[in-house]
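Engineer: Using only what follows, build the 3D model:
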Amino acid sequence: MALPPEKIAELKQIIHGQLNQMNIQSHIHDILSESMREDDTSSSRQQEDITEQQLLQVLRDRGVVDDIMRNLQFERKQQMGGASRAPGLRGDEPKPATHFVDEGSKLAVPLKKAHIDPTRRYLYMQVLGGKAFLEHLQEPEPLPGQTLSTFILHVHFRGQRFRSRPVPCACDPDFQEGFLLELHKESGGDAARMADSASMLTICDPVHLVLVKTDPSGDTTLVSSHHLEWRTVLAIDNSRQNLPVELMGIGAESKVPVGLLEMRLEILPRPSQVLTDDVISTQIGLERNRTAERERLFLVYAKQWWREFLQIRPTHQNRLVKIFAQDENSTNRPVCAFVRPLRAGRLLDTPRQASRFISVIGYERAPAVGGGQPRELWSSTHAFLCKNKGDCEDHAVLLCSLLLGFGLNAFVCVGTKAKSAAHSWVMTLATDGLVTFWESLTGHRYIHHAINPDDPPIIDQPIPQYPYRTVGCVFNHQNFYANSQPSDNVDVCRFDFHDESLWKAMSMDAIESVCGPKNLPTWPNLPPLVPSIYDAALMSNDLELQIRALVVDHRKDIGLTTVWDDELSYLLTPALAAYELERTTGVSAGNEEFQHAIRRAVPDGHTFKGFPIQFIHHNARRAFATSLRSAVCQEILSCRGDHVRLAVRVRIYTYPESACAVWIMFACKYRSVL
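Structural biologist: Below you'll find the predicted structure:
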């Protein structure tokens, strides 16, 4: 079985390192020296130079080759998690420089997995295993070839993000991971110095652990979200601490344990000063008391502000003015704390591309047990990105953060849409007063022109294209405005926030006191986006082959044979590219070239039919079953006639994180009989 080039290169590196360790050059030098001495003492001076085969035979005779093979121990692919990777994952690529696994007990030749800066201090966090995940206590033994549900542990700390390898779900999941987290102060002058114990004690950011379960179909479930207080390791003599971490459930189950992680924390290099438990507990207690006092004062202010808002008009009681929201751990937080400017680096180039990225993240309502009103849950950004799906509030918050990062004056709007269903979306306010609505679930943009209800009927009024009915409040990381206009209908609303008769504002200082970046010690900063984990070309090809097999089986079931036209399949690619470009930019381009190519590929007297469809998942069976619900797709796949040729093209467009837009186009051409 042929190995991929990167595996061959890694194998060569291991062998080269072992040869250097055994000083194989000195052995070869000794053999050549002995051969030359034998030539000098021999009576015949016409002997030939020693060949490679002779040199190798001498090394075998002396047992050097056996020693090398005995000392080399190669890691099995299964131990690297290769058997559980989904198709299309770039899992064979090297891990990031600061993410490594302690393989000292598995390899005789240690592989260099991390480059440690000797002038920096690090927190080495090891996950040694899981216990008591009782939901999987009765997990049946997998059948040969059966795909299992897996756990993935995500880690975020001060702008550093990592993820574990997939681990099969079990009562005692076999987590064996190590994460190297850099510790440094961000203030001027401190970032270049190694943090001492006192400096590390003032770093109050927790390590955010998010555990996600992925089922065999690719659907994800948020299992737990935990904020780990790591500073207790500063009181250990050798700066190494073993501790169990109890993971709790999500939402309504936030008080119910779901499992236990055995962890080990270690400070590298070891600090010279060891703090006492009293110093650490005092510091943590002061921080918590300070935060609790700020939250108490803000709550007092918010109650007074709300009473003043109700005094303006009693009907304001029925408006959707959302001041607080519960996160995945059922903790009440001001809604302004969920938003913060987020830069996408090189991963997203325009605000519209950011909107497209948010729209291809999955949508789901917060899960609830039993009937009644669905439970509202606003996920933290890290948890939302890890599970790759969330409610409309999660989408709107992340889109608003990205638009703020692009320099736009963006706000999250809370209101209702059709049938008075609660909904959240994003609006941007230009310097000239132009209001643009951004629907985070679809990527659509709408320009808002307020209707003046006092205008006479003879004046033409703009017809709203957006689906929103009412708006109760708007907010971002610095501002909060409640709609105090006579009507909260969106089409008559004016978004002039400087007019106090239209919008009642909260104090920016009050918001800053609880939502400022330095005032949320238990609420981690927004995590940076990471590049896509998928190889778009490999995934597209793999999914297309699966769809073709499903089409063949479908036509076989109805008594039809299938003949593919590979050239026609390729010609569908520009159409899929044009569809994605239009979804991203709102501009249609390339349609003329596609039509010209199809006319050349379809002979006279033949008919061409095509059906494009887009998904945000890459499950072939789900996509095919959904496509069959369309009458047009059914007609194409059940086509009968003369010279019937079928075509299918899959094109996957990857976005940051694990988001992707999957385009599939079914087509056929056949000779018309009528």
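Engineer: what residues does stretch 622-637 touch?
Structural biologist: With C-beta atoms under 8 Å, 6 or more residues apart in numbering as the test, stretch 622-637 has contacts from 217, 543, 547, 550-551, 554-555, 609-611, 613, 615, 617, 646, 662, 664, 666-668. The way it works is simple: take the backbone N, C-alpha and C, and place the C-beta from them, glycine included.
Engineer: Straight-line length of it, end to end?
Structural biologist: Using C-alpha to C-alpha, to the nearest Å, the end-to-end distance of stretch 622-637 comes out at 16 Å.
Engineer: Report the rounded mean pLDDT for that stretch.
Structural biologist: Across stretch 622-637, the average pLDDT comes to 95.
Engineer: Count the neighbours of residue 130 for me.
Structural biologist: Close neighbours of residue 130, defined as other C-beta atoms under 10 Å, add up to 24.
Engineer: isn't it right next to residue 169, touching?
Structural biologist: No. Counting by C-beta atoms under 8 Å, residue 130 stays clear of residue 169, with 9.8 Å between them.
Engineer: Now do the shared contacts for those two.
Structural biologist: Common neighbours of residue 130 and residue 169, using C-beta under 8 Å, 6+ apart, are residue 151.
Engineer: For the stretch 401-550 of the chain, just list every one of the helices.
Structural biologist: Under the criterion DSSP state H, counting those that start in this stretch, helices of the stretch 401-550 of the chain are mapped to 508-515, 536-557.
Engineer: Out of those helices, which is closest to residue 580?
Structural biologist: With C-beta to C-beta as the criterion, residue 580 lies closest to helix 536-557 of these, at 11.4 Å.
Engineer: Tell me which other helices or strands the closest one touches.
Structural biologist: helix 620-627, helix 631-637, strand 642-654, strand 660-671 (3 or more C-beta pairs under 8 Å, 6 or more residues apart in numbering; DSSP states H and E).
Engineer: Let's see that with 6 Å instead.
Structural biologist: Secondary-structure packing of helix 536-557 (3 or more C-beta pairs under 6 Å, 6 or more residues apart in numbering; DSSP states H and E): helix 620-627, strand 642-654.
Engineer: Tell me how many other residues crowd residue 148.
Structural biologist: Residue 148: 16 neighbours (other C-beta under 10 Å).
Engineer: repeat for residue 321
Structural biologist: Residue 321: 22 neighbours (other C-beta under 10 Å).
Engineer: returning to what we had before: where among the helices of the stretch 401-550 of the chain is average confidence lowest?
Structural biologist: helix 508-515 (a mean of 91).
Engineer: now what about that one, what contacts it?
Structural biologist: With contact meaning C-beta atoms under 6 Å, 6 or more residues apart in numbering, helix 508-515 is reached by 294, 295, 298, 301, 334, 336, 337, 478.
Engineer: Save the residues you listed as TSV, and put in distance to residue 420 too.
Structural biologist: As requested, the contacts of helix 508-515 are exported to TSV (distance: C-beta to C-beta, whole Å):
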residue	distance to residue 420
294	35
295	32
298	30
301	30
334	25
336	25
337	27
478	30
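Engineer: Kindly indicate which of those residues lies nearest residue 180.
Structural biologist: Once C-beta to C-beta is applied, the member of the contacts of helix 508-515 that ends up nearest residue 180 is residue 337, at 29.0 Å.
Engineer: what helix or strand does residue 593 sit in?
Structural biologist: Assigning secondary structure by DSSP states H and E places residue 593 in helix 591-601.
Engineer: Compare the helices of the stretch 401-550 of the chain and give me the one nearest residue 56.
Structural biologist: helix 536-557 (39.9 Å).
Engineer: how much does that closest one deviate in direction from helix 620-627?
Structural biologist: 60 degrees (axes from the mean of the first three to the mean of the last three C-alpha atoms, to 10 degrees).
Engineer: Show me what the helix or strand harbouring residue 303 is packed up against.
Structural biologist: Assigned by DSSP H and E, residue 303 falls within helix 277-312. Counting contacts by 3+ C-beta pairs under 6 Å, 6+ apart, helix 277-312 packs against helix 508-515.
Engineer: Please repeat the previous calculation with a cut-off of 8 Å.
Structural biologist: Helices and strands touching helix 277-312, by 3+ C-beta pairs under 8 Å, 6+ apart, are helix 197-201, strand 503-505, helix 508-515.
Engineer: how far out from the middle of the chain is that helix?
Structural biologist: The chain centre lies 32 Å from the centre of helix 277-312; the measure is C-alpha atoms, centre = their mean, to the nearest Å.
Engineer: now do stretch 607-621
Structural biologist: Counting by C-alpha atoms, centre = their mean, stretch 607-621 is centred 24 Å from the centre of its parent chain.
Engineer: next one: stretch 637-653
Structural biologist: 34 Å.
Engineer: Low-confidence bits of the stretch 251-400 of the chain, can you list those?
Structural biologist: 367-375 (pLDDT under 70).
Engineer: hey, where'd the strands end up in it?
Structural biologist: Secondary structure of the stretch 251-400 of the chain by DSSP state E, counting those that start in this stretch: the strands cover 257-268, 324-326, 332-334, 362-363, 389-390.
Engineer: In JSON lines: these, plus mean neighbour count and distance to residue 435.
Structural biologist: Shown next, in JSON lines, are the strands of the stretch 251-400 of the chain (neighbours: other C-beta atoms under 10 Å; distance: least, C-beta to C-beta, whole Å):
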{"stretch": "strand 257-268", "mean neighbour count": "19", "distance to residue 435": "44"}
{"stretch": "strand 324-326", "mean neighbour count": "16", "distance to residue 435": "24"}
{"stretch": "strand 332-334", "mean neighbour count": "18", "distance to residue 435": "24"}
{"stretch": "strand 362-363", "mean neighbour count": "15", "distance to residue 435": "25"}
{"stretch": "strand 389-390", "mean neighbour count": "22", "distance to residue 435": "25"}
